[in-house]
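Chemist: here's my sequence, what's the structure:
(one chain, ligands or ions: 1)
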Amino acid sequence: MARVAERRSLGRNEHNEATLEMHWPMNYVKSKQRVADHGEVFTPTWMVEAMLDLVKGETERIDSRFLEPACGSGNFLVQILQRKLAAVELKFRKSDFEKRHYALLALMCTYGIELLADNIAECRSNMLEILADYLNLEESDNQYQAAFYVLSQNLIHGDALSMRTSDGQPITFAEWGYLGKGKFQRRDFRLDILTQASAYSAEGDLFANLGKHEIFMPTKTYPPMTVSELADGFIHVALAPSPREEA
Ligand SMILES: C[S@@+](CC[C@H](N)C(=O)[O-])C[C@H]1O[C@@H](n2cnc3c(N)ncnc32)[C@H](O)[C@@H]1O
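Modeler: Numbering: from 1, shown residues only. Okay, here's the model as predicted:
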């Protein structure tokens, strides 16, 4: 966490420190073995920012969805969340109710997959810290616990290549939406089916004329949920072993 906080503190224009980072590659690796085994080299903040600027408009839209299939400890996801929260602040700062709900929606629209247990645990904790700081949340707040639950659903400990979780289940992602008046909707989709989208729409394909809704059926649809109903999920997740303990 300290390592990420340290890196996060580097602003876009802090060229001297960025230059120092570029010449100090050990900042971006945990061990040579992990680089060899998993290609684990973290991306410096200045590079993350430059890459996100290529899709600036999307990063500043609260409900645009981002999936980082090798998310590490969240260097991209953290910056995406920060940009989305800046958009929340611009649009909803005058209404505490809307601000809180749209900030949670921003979190709901960020997804990640990571192979290593310690990285996914760090990633969840880094993301939670960003939201909690923004909304001034305590661990006992419903909003904090709802966010904890959302992160347990959106940031998956698993293998992006086989599209399976660490316990061998097919990876599913929750498609969240905000219905207004404090209610969220959720539908779950299997990643392996979602990734076939382009194949199905290829010209001449048997399914090319079908609407996407006819191919992409949710594996589960939930009734609308409030923040406190989402927070109820926290208890189940908090009692389950964390990815670090599973490993
Ligand atoms: C090059 S690092 C990048 C981490 C992060 N995206 C960043 O830019 O700082 C690659 C990450 O992908 C993870 N990884 C490697 N193979 C993976 C796989 N098949 N599925 C999910 N994650 C994987 C590694 O553990 C590592 O954390």
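
Chemist: would you list every one of the helices in this protein?
Modeler: 2-8, 15-22, 32-38, 45-53, 56-59, 75-92, 96-108, 117-135, 142-154, 191-194, 197-201, 212-215, 227-239, 243-246 (DSSP state H).

Chemist: residues from the chain in reach of the ligand?
Modeler: The chain has residues 38-43, 68, 70-72, 75-76, 113-116, 119, 159-161 near the ligand, with proximity defined as CB under 6 Å from any ligand atom. C-beta: built from backbone N, CA, C; applies to glycine.

Chemist: can you list the low-confidence ranges for this protein?
Modeler: For the chain, the stretches flagged by pLDDT under 70 are 1-26, 197-215, 241-247.

Chemist: one more time with 50
Modeler: Residues of the chain meeting the criterion pLDDT under 50: 1-21, 23-24.

Chemist: which of the residues of the chain next to the ligand are buried, as a ChimeraX select command?
Modeler: Command for ChimeraX that selects the buried part of the residues of the chain next to the ligand, burial taken from 16 or more other CB atoms under 10 Å:
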select :40,42,68,70,71,72,75,76,113,114,115,116,119,159,160
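
Chemist: in strands, which of the residues of the chain next to the ligand appear?
Modeler: In strands, defined here by DSSP state E, the members of the residues of the chain next to the ligand are 68, 113-114, 159.

Chemist: tell me the most buried of the helices of the chain?
Modeler: helix 142-154 (a mean of 22; mean count of other CB atoms under 10 Å).

Chemist: that one to helix 117-135, inter-axis angle?
Modeler: 150 degrees (axes from the mean of the first three to the mean of the last three CA atoms, to 10 degrees).

Chemist: point out the other helices and strands that helix 142-154 packs with.
Modeler: Helix 142-154 is packed against helix 96-108, strand 110-114, helix 117-135, strand 172-180, helix 227-239, with contacts defined by 3 or more CB pairs under 8 Å, 6 or more residues apart in numbering; DSSP states H and E.

Chemist: recalculate using a threshold of 6 Å.
Modeler: Counting contacts by 3 or more CB pairs under 6 Å, 6 or more residues apart in numbering; DSSP states H and E, helix 142-154 packs against helix 96-108, helix 117-135, helix 227-239.

Chemist: which one of these lies nearest to D192?
Modeler: Between D192 and those, the tightest spacing by CB to CB is seen for helix 117-135, at 19.6 Å.

Chemist: okay, the angle between the closest one and helix 96-108?
Modeler: 160 degrees.

Chemist: run the chain-centre distance for helix 117-135.
Modeler: In terms of CA atoms, centre = their mean, to the nearest Å, the centre of helix 117-135 is found 10 Å from the chain centre.

Chemist: start the count at 26 instead of 1 going forward.
Modeler: From this message on, residue numbering opens at 26, which makes the last subject helix 142-160.

Chemist: isn't E83 up against S89?
Modeler: Yes. Here E83 reaches S89: they are 4.4 Å apart, a contact under CB atoms under 6 Å.

Chemist: ok so, going back, for the ones in strands among the residues of the chain next to the ligand, work out which two are farthest apart.
Modeler: Going by CB to CB, the pair spanning those furthest: E93 and D184, at 14.2 Å.
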